[in-house]
Structure formats: C-alpha cells, structure tokens
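Q: sequence-free structure coming up:
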C-alpha cells in the first residue's frame, strides 16, 4: 500500500522568495519526496503595492515560473484573498500542508497569522520558513532584552552571529498531478498602472535569479574594490544594484552575504563596507517587525508636534522633478526612468522635501512606494524617518542636507545632473529625454521647457526648518 503521509501533497505559497537557489522552504519540500503544488496569489495585500513595484513583481513572477518549470513544477496563479484561495487549493488537491517563507511587515503578519490559525483548525499543517533575512527579527536582542534601536550595536551583534551558509539550488521537484487550474499572468496585467511609463522602466530592470547572481559576481569582481570610497558618488556606478533582486527574493541574502565575506577575506577593500550596508537592510526589517507602525507614524513620539505640511503644490513640483534644485530634480527623474534611485540621492531628496519644503515624510514615503521597482517597505520607512529626524538616527543634531554642497561633493563634474536633466541642454542625452516619455501627458512637460526656478532659497528653507524644529519641540 502507498505511504499516505509521504504521498499527501504540499502546497508551497510563494511571495518574495522567487528563486530556486538558497531557498530553505523549497529545498526541504523537495527532500520530503511529497508531490508539490506551487502557487502565487495576487491577494489584497499584493494588489495594494505601488505601480512600479507591482509591475516589477509581475516580471519576477514570470521569470520564476519559467525557472520552476525547468525543475518540473508549474506555478499556479490565483487571484483573491489568501485564506479562501488556499482553502480551495487544499480541497482540490487533498494537500495536508501549506508552507511559505516569512514576511515581517504588519499587514503580511496579520494575514499569515489568520491563515495559519484557520489551516491548523482544519487539520492542515501550516509551516513558515526563514529565508528573507540573515537573522529573524526576534533572534537579536540587546543586553537588557528587547530590540535594538541604534544601528551600530545591531551591526556588532549581527557580525558576531554566524549566518547559515547558502543552500544549494533545487534541481528536480515532484509535481502533484493533475496541475490545478490557474490564471494567466498576462491577464493580471500587473503593470497596468504604469501606463506608458512601463515601456521606459521595464527594459532597465535586471530580472530573475540567473541575472541576479551574474550581477553579484560582476560587482564582487570589480566595483566592490572601490565601494567604500565611491558608493556615495552619483557620477559613477559603484554600487551592486542588487536591491531590486533582494526585494523579490530573486537572490538569497545568505548567498550575497557569504560571497561578500569571501571577497573581504580575499582582500577586496570595499567588501566590509558592503557587508555593513547589507546589515542596514537587516536593521530596517528588525525595526519594522518590532515597531510595525513605523511606516505610518513617527517612530519618535516627540516628533508628533513638528509642523509638517500635508501634500501641497511644492510637493507636487518635487514629485515632477521641477523644484529648481538640479540635484533633487535629477534624482527624482532617475527614479521615474529606472525605478530606482541612488541611496545618497534618496537622502538628499528626502531631506529637501521634509526640511526645506516642510512636507510630511509620509508624502515622500508614499511617492517612493509608487515609483520604486526595488521598493522595500522596511527600508523605505526607515530611510524616510531617518532623514526626517523622526526615526532611528543616533545623531545629536537636526540633519539638513544642502543639495548644492552635496552636488559639489558627490557629483563634482555635474555628470549625474546632465544625465537626467534635459532642460537647458542643447543636446540632452537619451536618459534625460526618456523622462518625458515616461511621465503622464497631463503633466505637460517638455525637454524644451525652461529650467525650473527654485521653490525656496536654500538658506531660507534651512532657517524655516530650524524655526519649525524649535516650534515643534516647544
């Protein structure tokens, strides 16, 4: 007689773990020998993400479906609320277990907790796996107990920990048959909200596990050497570019971490700094897990009295890259054309919006969530609050970035600004012109427009921000 326990199917619910390599859930599922059903759900939580992120997720799902097919498994696509969709699959397949890789933001945790409870009550094994982070957010605690709130001690604790080695790729999987019916990815039209911008943004993405591993290898073979000194330069390509691949799980963080460790041990000068930047990603998730309101409310309650403005005309000019501050405008256009923005530029544009324009950080956070293809809810929330001053920044002063002095330091030749700004140039390049192909026609922008006039003098904006700080702290 057949072993019924061994032959009972497992449902594997994929989310932001779209890879065959270094995939704990998938490797353990393969080792059981049980028939497997792979599913990706377009549920309400996924539907709610921003236009660029949802479109990029669609590309990741399509790439992963092909990779999974090569290992013998069809990725079933279903649309609708997670629990009833999974319950329907259980009924159709006779599955005795539903497995998934953990997510750590508030809405995902609430959904997953409800799913786990209902499945367990129905006699179906729910099981969650690590895989998105080097350390689960509850695994690192301060000496007094509780979460870390400052990066440096967190980084020291993470360095003392020995993250598990990356797991080998899965080669072959046992499929349940017949394959349950599923939707067609093209019918979901996940890029619909991008409208004409998609034609500009999508060719600039590096999609899938193979491409992500190639990108990591290329970075560690060259640019990492100068990473510590050049990573903040806007006029050269000194960064890894892996943020988009990590956010969709197209490459495992342990794969990246251990490759960087090897590079450091081989004497690559910038590898230690690169490791610390990976730790910032971990720290942001550590914070969002322990402070799940961080993407909606001031992390520091004493900032609740700061007189930020809600959305306003100045913020709209900021969104459109028409503030009259060349570096700010160039960065906003880089994001609209590529779906990404250099990290140094993110700090500059966030400071300008929240300090010089006195606009609430949530306005900027929401726009980044709409426009970034490498959108990461934890990094986005921590980054905006860190720059605004309301977040986990250990600096004992009110940080205000001056876009002009930042340009002198990090774009000294003006190459970055010329690359992304067309107005005022006799012969603007392809990237600068691509912005006008991507933006909504209703913005009525043209490369022949005159350069924008500054919304506010930088000195005046700084003084206004300092006065607001005094008012908010009174």
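A: Here it is on my side, so go on. On a predicted model such as this, the values are computed, not experimentally measured, just so you know.
Q: Can you pull out the low-pLDDT segments for the chain?
A: Applying pLDDT under 70 to the chain picks out residues 1-6, 394-397, 473-474.
Q: Find the residue at the geometric middle of it.
A: Centroid check for the chain by CA atoms, centre = their mean gives residue 376 as the closest residue, at 2.4 Å.
Q: care to break this protein down by domain?
A: Using automatic domain parsing, the domain ranges for the chain come out as 1-132, 133-167+195-290, 301-473.
Q: Format those domains as a markdown table; extra columns: distance to residue 175.
A: Where C-beta positions appear, they are placed from N, C-alpha and C, glycine not excepted. Listed next are these as a markdown table, based on distance: least, CB to CB, whole Å:
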| stretch | distance to residue 175 |
| --- | --- |
| domain 1-132 | 5 |
| domain 133-167+195-290 | 20 |
| domain 301-473 | 31 |
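Q: hang on, the earlier thing: check contacts around the residue nearest to the centre of the chain.
A: 243, 246-247, 281, 284 (CB atoms under 8 Å, 6 or more residues apart in numbering).
Q: just so I have it, where are all the strands in the protein?
A: 10-14, 36-42, 75-79, 97-101, 125-129 (DSSP state E).
Q: For residue 184, find the nearest of the domains of the chain.
A: Closest to residue 184 of the domains of the chain is domain 1-132 (CB to CB; 7.2 Å).
Q: How far off centre is the closest one?
A: 20 Å (CA atoms, centre = their mean, to the nearest Å).
Q: Repeat that for stretch 304-317.
A: 25 Å.
Q: Now do the buried residues in it.
A: 306, 308, 314-315, 317 (16 or more other CB atoms under 10 Å).
Q: what's the span of it, first residue to last?
A: From its first residue to its last, stretch 304-317 covers 25 Å (CA to CA, to the nearest Å).
Q: likewise stretch 69-80?
A: 23 Å.
Q: mind starting the numbering at 55 from now?
A: That works, and once the first residue is 55, the last one we named lands at stretch 123-134.
Q: what does that stretch contact?
A: 68, 74, 90-97, 115, 118-119, 122, 139, 142-143, 224-229, 233-239, 242.
Q: got it, and stretch 391-398?
A: 106, 110, 254-255, 258-259, 285-288, 293, 295, 297-298, 385-386, 388-389, 403, 422, 425-428, 460, 464, 474, 485, 488-489, 492.
Q: swap in stretch 253-271?
A: Against stretch 253-271 from outside (CB under 8 Å, 6+ apart): 72-75, 106, 109-110, 113-114, 117-118, 121, 245, 248, 294-296, 298-299, 304-305, 309-310, 313, 391-393, 427, 488, 491-492.
Q: returning to that earlier point: next, format the strands of the chain as TSV and append mean neighbour count.
A: Output for those, formatted as TSV (neighbours: other CB atoms under 10 Å):
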stretch	mean neighbour count
strand 64-68	25
strand 90-96	24
strand 129-133	20
strand 151-155	22
strand 179-183	17
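Q: circling back: give me the subset of the buried residues of stretch 358-371 lying in helices.
A: Counting by DSSP state H, the buried residues of stretch 358-371 place 368-369, 371 in helices.
Q: Output those as a markdown table; include the columns distance to residue 519.
A: Listed next are these as a markdown table, based on distance: CB to CB, whole Å:
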| residue | distance to residue 519 |
| --- | --- |
| 368 | 13 |
| 369 | 15 |
| 371 | 18 |
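Q: circling back: what does the residue nearest to the centre of the chain show for phi and psi?
A: phi -130, psi 120 (degrees, to the nearest 10).
Q: so who does residue 118 touch?
A: By CB under 8 Å, 6+ apart, the neighbours of residue 118 are 68, 72-73, 129, 262-263, 304.
Q: repeat that for 7 Å
A: If you count contacts by CB atoms under 7 Å, 6 or more residues apart in numbering, residue 118 has them with 72, 129.
Q: so which of the ones in helices among the buried residues of stretch 358-371 comes closest to residue 192?
A: If you rank those by distance to residue 192 using CB to CB, residue 369 comes first, at 37.0 Å.
Q: Quick check: that closest one touching residue 413?
A: Yes - counting by CB atoms under 7 Å, residue 369 touches residue 413, with 4.7 Å between them.
Q: which residues do those two both contact?
A: Common neighbours of residue 369 and residue 413 (CB under 7 Å, 6+ apart) are residue 407.
Q: how about the helices in the stretch 155-304 of the chain?
A: Secondary structure of the stretch 155-304 of the chain (DSSP state H, counting those that start in this stretch): helices located at 160-175, 205-214, 239-242, 252-255, 263-275, 281-284, 297-301.
Q: winner for burial among the ones you listed?
A: Sort these by mean neighbour count, taking mean count of other CB atoms under 10 Å, and helix 297-301 sits at the top with a mean of 24.
Q: Just the residues contacting that helix, thanks.
A: 70, 110, 259-260, 266, 269, 305, 307, 394, 427-430.
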